[in-house]
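Student: With the input below, show me the fold.
(one chain, ligands or ions: 1)
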Amino acid sequence: HTPELTPPDSVPDCAIAIDVLRATTTIATALNAGAEAVQVFSDMEKLMLFSEEWQPDLRLRAGERGGAKVTGCDLGNSPLDCTPERVQGRRLFISTTNGTRALQRVQESPVVLAAALINRQAAVQYLLDRQPENVWLLGSGWEGSFSLEDTVCAGAIASALADKANVDMGNDEVFGAIALYRQWQDNLLELFHHASHGQRLLRLDCLEDLKYCAQTDILDVLPIQREAGVLVKNT
Ligand code: MLT
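Tutor: Numbers count the residues shown, from 1 in each chain. Predicted structure coming up:
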């Protein structure tokens, strides 16, 4: 699903928000690098107001619109900026065009996780261990529309589950996502070159981000919502 295509007025037992390019990749990277938590906002003004109450040396503000950094923020949305030197011990306050909206759409779910390709296996392992009955893989897309990179990541998760467990794979979207992943799993960077948001990021000179986001299973970290909008490392 993209947020706009989710069934109205309902949430699943477990929601996995996916924004491979780049919000959930950035969130996983920040937590892996030692950020205390990541707090997401769909509204930039609210982010600024809320983070004002935090000690400046314990916070980082990250803002992205249209792929570019928002003026006045410490960071944009590049996962490569989330180094331990920058983020260790700090809370990352982040607002992005689509990824943070997807997280907010499902924030009432009993379990909310953030996944990307870089931490795909951590999400799969969570599902195998906990076996929630009803799971949504929520691709952030771009302003309501389908995106190749989020769909291929949903397919990567579902494909790994299908290999390991006898689970009901759900609907036609999941079947299509698995087929997309199996076709492109060895050429994910090339697939991102075909993706409209991949092309947008390339125009903004972000090839290194695309390369980083196209890696599979490189981080063993799973962002999980602790309170509405606040993600921490699952331990
Ligand atoms: C988003 O939330 O739409 C993305 O993460 C955009 C980006 O690449 O920064």
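
Student: Which of the helices and strands in this protein ranks last by mean pLDDT?
Tutor: One helix or strand of the chain scores below all others by mean pLDDT, DSSP states H and E: helix 99-105, with a mean of 91.

Student: same for that one, what does it pack against?
Tutor: Packed against helix 99-105, as judged by 3 or more CB pairs under 8 Å, 6 or more residues apart in numbering; DSSP states H and E, are the following elements: strand 14-18, helix 23-32, strand 37-40, strand 135-139. C-beta: built from backbone N, CA, C; applies to glycine.

Student: hmm, the top helix by length along the chain in reach of the ligand?
Tutor: Taking residue count as the measure and DSSP state H as the definition, the longest helix of the chain comes out as helix 148-164. No. Helix 148-164 lies apart from the ligand when judged by CB under 6 Å from any ligand atom; the minimum separation is 9.6 Å.

Student: relative to strand 135-139, how tilted is whichever helix or strand comes after that helix?
Tutor: Scanning the chain past helix 148-164 towards its C-terminal end, the next helix or strand to appear is helix 172-184 (assignment: DSSP states H and E). Interaxial angle, helix 172-184 versus strand 135-139 (axes from the mean of the first three to the mean of the last three CA atoms, to 10 degrees): 60 degrees.

Student: Let me know the average pLDDT across the top strand by length along the chain.
Tutor: Looking across the chain with DSSP state E, the single longest strand is strand 59-65. Rounded to a whole number, the mean pLDDT of strand 59-65 is 96.

Student: Quick one: low-confidence residue ranges for the protein.
Tutor: Within the chain, the stretches with pLDDT under 70 are 1-5.

Student: one more time with 80
Tutor: For the chain, the stretches with pLDDT under 80 are 1-9, 165-170.

Student: give the contact list for the residue lying closest to residue 122 once chain neighbours are set aside.
Tutor: Nearest non-adjacent residue to residue 122, counting by CB to CB, 6 or more residues apart in numbering: residue 222, 4.1 Å away. The neighbourhood of residue 222, defined by CB atoms under 8 Å, 6 or more residues apart in numbering, consists of 28, 113-115, 119, 122-123, 126, 233-234.

Student: show me what contacts residue 57?
Tutor: Applying CB under 8 Å, 6+ apart, the residues contacting residue 57 are residue 90.

Student: so it, which of the three states?
Tutor: Residue 57 carries the three-state label helix when classified by DSSP: H, G, I helix; E, B strand; the rest coil.

Student: Contact residues of the protein facing the ligand?
Tutor: Counting by CB under 6 Å from any ligand atom, the residues of the chain close to the ligand are 19, 21-23, 64, 67, 77, 96-99, 140, 201.

Student: Could you export those residues as CSV, including distance to residue 155 and neighbour count?
Tutor: Shown next, in CSV, are the residues of the chain next to the ligand (distance: CB to CB, whole Å; neighbours: other CB atoms under 10 Å):
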residue, distance to residue 155, neighbour count
19, 15, 33
21, 15, 32
22, 18, 27
23, 19, 30
64, 25, 24
67, 24, 20
77, 23, 31
96, 22, 28
97, 23, 19
98, 19, 24
99, 18, 31
140, 15, 28
201, 21, 22
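
Student: from the residues you listed, which is closest to residue 169?
Tutor: Checking the residues of the chain next to the ligand against residue 169 with CB to CB, the nearest one is residue 140 at 21.2 Å.
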